[in-house]
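**Student:** fold the following.
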Amino acid sequence: MTSHLHLTIDPVTRAYPKKPLRLEPEASIRVAMSALKESRLGCLLICRDKQLAGIFTERDALRLMAVGTNFDQPVESVMRSPVITVKHSETVANAISLMSEGGYRSLPVLNDEGEPIGVLSVKTILRYLVEHFPGVVYTLPPEPHHVTQLREGA
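**Tutor:** Numbers count the residues shown, from 1 in each chain. The predicted structure is shown next:
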């Protein structure tokens with residue numbers, strides 16, 4: 001089996017999804033930002049009764065700080081919804097495609113009941129790729145498509 005086939009066969013659960021950090025929609029933005037900082041994760045999943053209601057990311061936090069938002073309002077008022085997700089049985093290739101096309105840095109992974117069981121990130125996907133393509137990743141030059149403009153030497 002080639003490495004290419006792993007991308008189209010392996011489920012997203014093989015790409016090291018992180019345990020999701022969940023928060024109730026009624027929690028304040030201040031609590032959400034504190035949880036992001038403490039966890040060192042890139043996103044929080046906003047859940048109501050174990051079901052995903054929205055997502056709050058570090059990008060959202062930066063945007064809110066830039067405009068001087070009232071951090072005591074509920075995170076529900078600023079969360080992103082609906083959320084693009086993947087089922088635990090979907091392939092790594094599909095997850096990479098969704099993240100690339102949408103510009104997402106985090107992608108929640110759901111079980112068959114629609115409950116969040118993990119979060120894929122750019123970092124976890126990269127770890128998966130390095131594991132499956134070490135010869136390619138570790139031997140890339142600093143500038144893979146560099147073309148010398150001038151001849152060297154005498």
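**Student:** let's verify Leu52: helix, strand, or coil?
**Tutor:** strand (DSSP: H, G, I helix; E, B strand; the rest coil).
**Student:** so how far is Gly68 from the nearest residue to it once chain neighbours are set aside?
**Tutor:** Distances taken as C-beta to C-beta, 6 or more residues apart in numbering put Pro116 closest to Leu52, at 5.3 Å, once the chain neighbours are dropped. Just so you know, the C-beta spots here come from the backbone N, C-alpha and C atoms, and that holds for glycine as well. The gap separating Pro116 from Gly68 is 31 Å, by C-beta to C-beta, to the nearest Å.
**Student:** neighbour count for the two, which is higher?
**Tutor:** The residue with more neighbours, out of Pro116 and Gly68, is Pro116; 23 against 7, by other C-beta atoms under 10 Å.
**Student:** would you mark the buried spots in stretch 88-95?
**Tutor:** Residues of stretch 88-95 classed as buried: Glu90, Thr91, Val92, Ala93, Ala95 (neighbour count, 16 or more other C-beta atoms under 10 Å).
**Student:** which helix or which strand is home to the nearest residue to the second one once chain neighbours are set aside?
**Tutor:** Right, the one you point to is Thr91. Excluding its sequence neighbours, the residue lying closest to Thr91 (C-beta to C-beta, 6+ apart) is Thr8, at 5.6 Å. Assessed by DSSP states H and E, Thr8 sits inside helix 3-9.
**Student:** just the mean pLDDT for that helix, thanks.
**Tutor:** The pLDDT scores in helix 3-9 average 70.
**Student:** check stretch 45-52 too.
**Tutor:** For stretch 45-52, the mean pLDDT works out to 94.
**Student:** pLDDT weak spots in the chain?
**Tutor:** Along the chain, segments meeting pLDDT under 70 span 1-5, 136-138, 140, 144-149, 151-154.
**Student:** and the strands in this protein?
**Tutor:** For the chain, strands defined by DSSP state E occupy the ranges 22-23, 43-48, 51-57, 86-87, 106-110, 116-121.
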